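> could you look at this predicted model? Sequence included:
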Amino acid sequence: MSTTEKSIVDKLGWLVLVLAVLFVVLIVRVGFIQSVEGEYYRKISVQRTIKTDTIFANRGNIYATGGNLLATTMSKYTVRLDMVTIENKVFEENINALSDSLSVLFKKPSSYYRNYLRTGKRRRNRYLFLARDLGYIDYARLKTFPILKLGQYRGGLITEQRNVRARPLGNLAVRTVGYSDYRGNVGVEGAYINYLKEHHGWRQKQRIAKGQWKPINDKNEKEPQDGSDVITTIDVNIQDVVHAALLEQLETFEADHGCAMVMETKTGEIRAIVNLGKYPNGNYFEKRNYAIYEAQEPGSTFKLASLLVGLEDKKVDTGDVVDTEKGVMKVYGRSIIDSHRGGYGKISLARAIEVSSNVGIAKMVMESYKSNPQQFVDGINKLGFGEKIGVPIKGEGQPFIPNPKYVKRGDPNSWNGLSLAWMAWGYGVKVTPLQLLTFYNAIANDGVMVKPRFIKELRNQGEVEKVFESEVLNDKIASEETINKLQEILKNVVIRGTGEKLYSPSFSMAGKTGTCQTEYWTGNTQYVSSFTGFFPAENPKYTCVVVVNKPNKHKGYYGATVAAPVFKAIAQKIYASSLQEKEVTLDLPKLASLESDYQEYQKENLDLKSKMPDVRGMALMDAVSVLENKGLLVDVQGGLEYVKKQSITKGVDIKRGQQVVLY
Amino acid sequence: MSSLLQNIKSYIKGDLFIWALVALLALFSFMPVYSASTNLVYVAGNGTTIGILIKHAVLLLMGFTIMFFIHRTPYRYFSGVSVVMIPIVIVLLIVTLAQGTTIGGANAARWIRIPIIGVGFQTSTLAGLVIMVYTARYLAKRKDDIIDFKESLLRLWTPIALVLMFILPANFSTTAIVFMMVLMLCFVGGYPIKYLAGIIGAGIVILLLFVLTAKAFPGLMPNRVDTWMSRIESFSDDDSKEGYQVENAKIAIATGGLTGKGPGKSVQKNFLPQSSSDFIFAIIVEEYGLFGAGLVLLVYFVLTFRLYVAAKKAGTVFGKLLIVGVGFPIVFQAVINMMVATNLGPVTGQTLPLISSGGTSIWMTCLAVGMVLSVTASANVTEEQLATESEDPLEKLYHTEEIEEA
């Protein structure tokens, strides 16, 4: 062959050329993958390696004014079993033990579970129902049971977790606490959902291996934000009292429904709101928020407003005598009849309210305003009866006050000859219990009409975020003189009027009964019994309205018989417990002092220098703990709660085992 | 300072350009290896990142030590050593295969554990190198003769075939590449092309026989025939396991862009198996972009060019063929590795020389570079000198064998 050096180098030149071409091909190939195929691969890269993790935030809680939890979010667990996953051997060995455990937890016989599980196993059920909506504690316990403790892959445990809104106090004020979900926005939760609402955060994560993700940035892309807690004005103790009192009366009188509210006179804070409706089975539950939505004819309780307008317009005075005749008055062929047969004869206007004379009030208004009904209607409207109060809770009923300018034949809302006379005693108008309460509260509050409130403040992470102040709707609904007269009349209602059954020598109350016919247009007249008032009569603290709809008329229907006892029970219980109220309720701000005590204690405790600390003023228990942690022998002289003196001066070096005396 | 440099320079012989390029690649290699190490440490849970970096440094240091001593060795010695090494590597390959069967597992048959150091060593890489030197030796010896096919079958192809046969069961790609490199060397070294065609035919026939035997008697010997099949199939089909590697490599390349994500910022290193060896080029593109990859390619190309210059300058045919036989395969291997990473070829286990981590790859590349440097260090040695200086005992041993045969 004869291989020369030249032939080698020549052939090698070709080789270098081939390699050069390959290098060019490679760089072109990289460019090709980046440009032509690039978009596709970059897309799947993001799909596969970047994910957005939701960081769940919590919806705010709803608290009662004393710190009791009214609504919160809880996890509920529904548990099922995949019977195929459980090995036969494991199943046979543990079925008895598991059945026993389930029987203890769910209070069903063990044999029931043995059968149930066996059937499920035989039918190869992969989704065998075990329990629904377990709380965490029960769920945690369930997970320790035989077989189930083997988990999903060997024990066949299937868990479905969901977050539900829970009400630790059950049905208490449930309608007012409300909810906000697919059903709509109801109650406080619905009204304040914008504050309560949680804002989930998110962060981007990059996959670094199968099942392993690392956050891309050191901060979350969006921080989760828990919803604010809403502190309502509801007082659980009062709510409980009102609930019990109303329920008892509804049951006694087999009423269709009823509501009761207690409002703090000065601030307008609603301390209790109970709405109970009868279900077909005869039990009462929070069915609808009657207190807020149910605008209906108020009847006698409205007479006070008529009198107020008359007094304010200087048309009449409480001492003016009105002739109730024989208790019947004809207006355009229709009769106004007093419930007291035979009437009261000639009585003062004040007395007419006390005995709730329909004729008396109607006559007064007719005589005063027949020529100018507009003036009367304006006076009523000035009291706020014509419009909704505007509470944030949805569903407030639309009140109705007829307008003399609106006349249209055939329209029931039209003004007619009867309107003025009937309006005077609370017919042909519609108001809600909440409006009545607000009006009577204004009387109790010396003429200052405050807006009813359900919310005290918003808190986030324990910090007060927003405080809702009392809102004054009308700082003077009437002159002081008028208010004083009306207060006096309401007191007398209880002392010697329709509400005299309420009278208690030990405790003063004031209020007005209402017995209002309803559904009289159907021929089967039903009644709405109510009582609106305040207590104590002097310097009233609470205003309260009780409305009972459609009691069994054979058992009673007068406001004094049906509604007033509820009012009395409420007033007495609140009054009786008001002295100890401070000790009963656990108000959140009080924790602050506790917290500072604790911090002081911790500060001393962590201070490891062997010098005598100053424990004077500390709670004795804390002081002993601090000193013993420093190795001192503590001797306590006398049964004191707080340390007054210490035998070793502060700052002095101490040794372990040294004796110290606290006085 | 300059005296120190002078001092070092006095020890370093041969083409400084090649020295510099090799050092450059070795230095650069720390970056992708360090980056890829996070995968091993945090995902697989092996060792620490610093540990992996130190290990790489130690391996490179050992490699450069090998390179240094080899380059100080006159290249004529390699000729004889290759003859002695043939039976040794055959024994080593058999041991490797045997060990693989006892350990079990697909990759185990490629490695033996070096006693004392406890580092795995891929015998096939050494075997390939030995074959290349042996082929260069044969071609140089026959440079003035007309090659007799039968004689070459016995003296050249039989030893090659023996060695390749023992690489094949565990490592098809290395076998194929070594075989191709031998063909390349034979072509350059003047071996008649008509004979080469026959040899290629024979090679294919042997391969087919092997595959058929393995398919017919699956338990007979350790082999990876099924893996080869799937890899070759998967080259055209993206859904398989190899498709997963290729796809991830492509994602790495595509997301790298022009300038890359920056050192250590690779995402795909976490999903690419062998991100520090077989698929390191994809990681380089991802972290350093098209520019970075271009620079790496440029360095390899300059190395190719310097190898060409070195071959041209070499005074003897053996010297030239040695450079072609051990130097060019480095570049070819780099090209193959990068072609795999860019999905231009089926997945093989070839590393990127001087950049990938892995002891065998580093040491054998350094050994090869050392031999090339040795040739460049004595470029002035002529055929005559080579002939007269061929006095090493191995050469004599070889001659005595011939005499005994006669």
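The structure has been received and is ready for your questions.
> residues in chain A within reach of chain B, list them.
A:1-3, A:5, A:7-9, A:11-13, A:15-16, A:19-20, A:22-23, A:25-27, A:29-31, A:33-34, A:37-38, A:40-42, A:44-45, A:48-49, A:206-209, A:212 (CB under 8 Å from any CB of the partner chain). In this view, the C-beta of every residue, glycine as well, is placed from N, C-alpha and C.
> can you flag the buried ones in those?
A:3, A:5, A:7-9, A:11-12, A:15-16, A:19, A:22-23, A:25-27, A:29-31, A:33-34, A:38, A:41, A:45, A:49, A:206-208 (16 or more other CB atoms under 10 Å in any protein chain shown).
> residue in the stretch 101-250 of chain B with the shortest distance to chain A?
Closest contact between the stretch 101-250 of chain B and chain A, by CB to the nearest CB, is at B:Gly190 (3.5 Å).
> what mean pLDDT would you report for the longest helix seen in chain B?
Counting residues, the longest helix found in chain B (DSSP state H) is helix B:280-313. When pLDDT is averaged over helix B:280-313, the result is 93.
> packing partners of the next helix or strand after that helix?
As assigned by DSSP states H and E, the chain's next helix or strand after helix B:280-313 is helix B:317-322. The contact analysis (3 or more CB pairs under 8 Å, 6 or more residues apart in numbering or on different chains; DSSP states H and E) places helix B:317-322 against helix A:5-35, helix B:76-103, helix B:123-141, helix B:280-313, helix B:359-377, helix B:383-389.
> what about the chain, any weak spots by pLDDT?
Reading this off chain A. A:1-3, A:210-211, A:577-610, A:638-641 (pLDDT under 70).
> the intended chain is chain B.
The low-confidence ranges in chain B, as defined by pLDDT under 70, are B:1-2, B:43-46, B:100-110, B:114-119, B:218-224, B:230-231, B:233-242, B:388-406.
> do you have the helices of the stretch 201-350 of chain A handy? List them.
Ranges of helices within the stretch 201-350 of chain A are A:236-253, A:290-293, A:303-312, A:349-354, based on DSSP state H, counting those that start in this stretch.
> redo the ones you listed as TSV? Include distance to A:Val407 and mean neighbour count.
Converted to TSV, these look like this (distance: least, CB to CB, whole Å; neighbours: other CB atoms under 10 Å in any protein chain shown):
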stretch	distance to A:Val407	mean neighbour count
helix A:236-253	40	22
helix A:290-293	29	25
helix A:303-312	22	24
helix A:349-354	30	24
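> adding distance to B:Thr227, write the ones you listed out as JSON lines.
Below are the helices of the stretch 201-350 of chain A laid out as JSON lines (distance: least, CB to CB, whole Å):
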{"stretch": "helix A:236-253", "distance to B:Thr227": "73"}
{"stretch": "helix A:290-293", "distance to B:Thr227": "77"}
{"stretch": "helix A:303-312", "distance to B:Thr227": "96"}
{"stretch": "helix A:349-354", "distance to B:Thr227": "103"}
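> how about stretch A:457-464 as CSV, C-alpha atoms only?
Provided in CSV are the C-alpha atoms of stretch A:457-464 (Å, rounded to 0.1, in the frame of the first residue of the first chain):
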residue,chain,number,x,y,z
GLU,A,457,-67.0,46.2,65.2
LEU,A,458,-64.8,44.4,62.8
ARG,A,459,-61.6,42.7,63.9
ASN,A,460,-58.8,41.1,62.0
GLN,A,461,-56.3,38.9,63.7
GLY,A,462,-57.6,40.2,67.0
GLU,A,463,-57.0,43.8,66.0
VAL,A,464,-59.9,46.1,65.9
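> pick out the residue closest to the middle of chain A.
Nearest to the mean C-alpha position of chain A, counting by CA atoms, centre = their mean, stands A:Val177 at 2.8 Å.
> how far away is that residue from chain B?
Relative to chain B, A:Val177 is positioned 49 Å away (CB to the nearest CB, to the nearest Å).
> next one: A:Ser101
38 Å.
> run through the neighbouring helices and strands of the helix or strand hosting that residue.
Per DSSP H and E, A:Ser101 falls inside helix A:88-106. When contacts are defined as 3+ CB pairs under 8 Å, 6+ apart, helix A:88-106 packs onto helix A:110-122, helix A:136-142.
> mind putting these in a markdown table, mean neighbour count included?
Compiled in a markdown table, the helices and strands packed on helix A:88-106 are given as follows (neighbours: other CB atoms under 10 Å in any protein chain shown):
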| stretch | mean neighbour count |
| --- | --- |
| helix A:110-122 | 16 |
| helix A:136-142 | 14 |
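> show me what from the stretch 1-150 of chain B comes close to chain A.
B:39, B:42-43, B:139, B:142-147.
> next step: those restricted to helices.
B:Leu139.
> buried only: go through the residues of the stretch 1-150 of chain B next to chain A for me.
For the residues of the stretch 1-150 of chain B next to chain A, buried by 16+ other CB under 10 Å: B:39, B:139, B:142-143, B:147.
> the helix holding A:Ser101 vs helix A:110-122, what angle?
140 degrees (axes from the mean of the first three to the mean of the last three CA atoms, to 10 degrees).
> got the contact list for the residue in the stretch 201-350 of chain B positioned nearest to chain A?
Closest residue of the stretch 201-350 of chain B to chain A, CB to the nearest CB: B:Ala254 (3.5 Å). By CB atoms under 8 Å, 6 or more residues apart in numbering or on different chains, the residues touching B:Ala254 are A:33-34, A:37-38, A:40-42, A:45.
> neighbours of A:Val90, how many?
Look at A:Val90: counted by other CB atoms under 10 Å in any protein chain shown, it has 16 neighbours.
> and if you look at B:Pro329?
Neighbours around B:Pro329, by other CB under 10 Å: 24.
> tell me which parts of the stretch 251-400 of chain B are close to chain A?
Looking at chain A, the residues of the stretch 251-400 of chain B close enough under CB under 8 Å from any CB are B:251, B:253-258, B:267-268, B:270-271, B:285, B:290, B:293-294, B:297, B:300-301, B:304-305, B:308, B:311-312, B:317, B:320-321, B:324, B:328, B:331-332, B:335, B:338-339, B:342-344.
> of those residues, buried ones?
Of these, these count as buried by 16+ other CB under 10 Å: B:251, B:253-257, B:267-268, B:270-271, B:285, B:290, B:293-294, B:297, B:300-301, B:304-305, B:308, B:311-312, B:317, B:320-321, B:324, B:328, B:331-332, B:335, B:338-339, B:342-343.
> what about the helices in the stretch 151-300 of chain B?
So, for the stretch 151-300 of chain B - with DSSP H, counting those that start in this stretch - the helices run B:158-167, B:172-188, B:193-216, B:225-234, B:241-256, B:280-313.
> picking up where we left off before, A:Gly190 is in contact with the residue nearest to the centre of chain A, correct?
No. The pair A:Val177 / A:Gly190 is not scored as a contact, 9.7 Å apart, by CB atoms under 8 Å.
> re earlier: would you list the helices of the stretch 151-300 of chain B in CSV and tack on distance to A:Gly497?
Converted to CSV, the helices of the stretch 151-300 of chain B look like this (distance: least, CB to CB, whole Å):
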stretch, distance to A:Gly497
helix B:158-167, 116
helix B:172-188, 109
helix B:193-216, 112
helix B:225-234, 99
helix B:241-256, 88
helix B:280-313, 92
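> looking at those helices, which is nearest to A:Met329?
helix B:241-256 (93.1 Å; CB to CB).
> okay, now A:Ile147: neighbour count?
For A:Ile147, using other CB under 10 Å, the count is 22.
> Three-state assignment for whatever residue of the stretch 51-200 of chain A ends up closest to chain B, please.
Residue of the stretch 51-200 of chain A nearest chain B, by CB to the nearest CB: A:Lys51 (12.9 Å). Three-state assignment for A:Lys51 (DSSP: H, G, I helix; E, B strand; the rest coil): strand.
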